[in-house]
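Student: next come a sequence and a model predicted from it.
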Amino acid sequence: MTQPTPQWLILHTQQTGDDPTLTGTQAHPRHCKKCGRLTLTGYDSHIMAGLAITNPNPLTPRLEAAAVILHIPTYRLWGTPGHYQLTPRHQPRIPPLGTHPPANQVTVLAQHNCHHPPLSRETLPTRPPQSAIDLERIPF
């Protein structure tokens, strides 16, 4: 038997717009509730996590520099389609900890902003590829 959703969670969801189904650091493809564009959404850490809502468009080193100048948070994308994770890379007004590899060696995404187009036109696959159908094993 499933338990009803606790009242505090319902109120929290209504007040903040947070999605309680986003657990861990896995980034899920979602459509923005305000503009309808596709995003990758997930928490950016296991501890003291923030909700990262990113455009699924990888940034080149120049585009990442533009995002930093424009004070747009950036995130490093890890994993494969269907198993993506996000970690913070550049957060405005927060000094960086350590060094980060250049954007041409890792996948970097910018935070989603409904009122602006993505910085890049290239789009990442957000779902795992469909497995090929083995025509030799069809049961009819």
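Tutor: In hand now; what should we look at? Numbering: from 1, shown residues only.

Student: contacts, neighbours, all on C-alpha from now
Tutor: Will do.

Student: OK, contacts around the spatially most central residue of the chain?
Tutor: In the chain, the C-alpha nearest the mean C-alpha coordinate belongs to Leu40, at 3.2 Å (C-alpha atoms, centre = their mean). Shown in contact with Leu40 (C-alpha atoms under 8 Å, 6 or more residues apart in numbering): Ala27, His28, Pro29, Arg30, Ala52, Ile53, Thr54, Asn55, Pro56, Thr126.

Student: from Leu51, how far out is the first one?
Tutor: Looking back up the chat, that one is Ala27. Ala27 sits 10 Å away from Leu51, going by C-alpha to C-alpha, to the nearest Å.

Student: what residues are shared contacts of the two?
Tutor: With C-alpha under 8 Å, 6+ apart as the test, Ala27 and Leu51 both reach Thr41, Gly42, Tyr43.

Student: any idea where the strands of the protein begin and end?
Tutor: 28-31, 38-43, 51-54, 74-78, 85-90, 107-110 (DSSP state E).

Student: circling back: so for Ala27 and Leu51, which sits in the more crowded spot?
Tutor: Ala27 (28 against 16; other C-alpha atoms under 10 Å).

Student: pretty sure that one contacts Pro81?
Tutor: No. With contact defined as C-alpha atoms under 8 Å, Ala27 does not count as touching Pro81 (9.6 Å).
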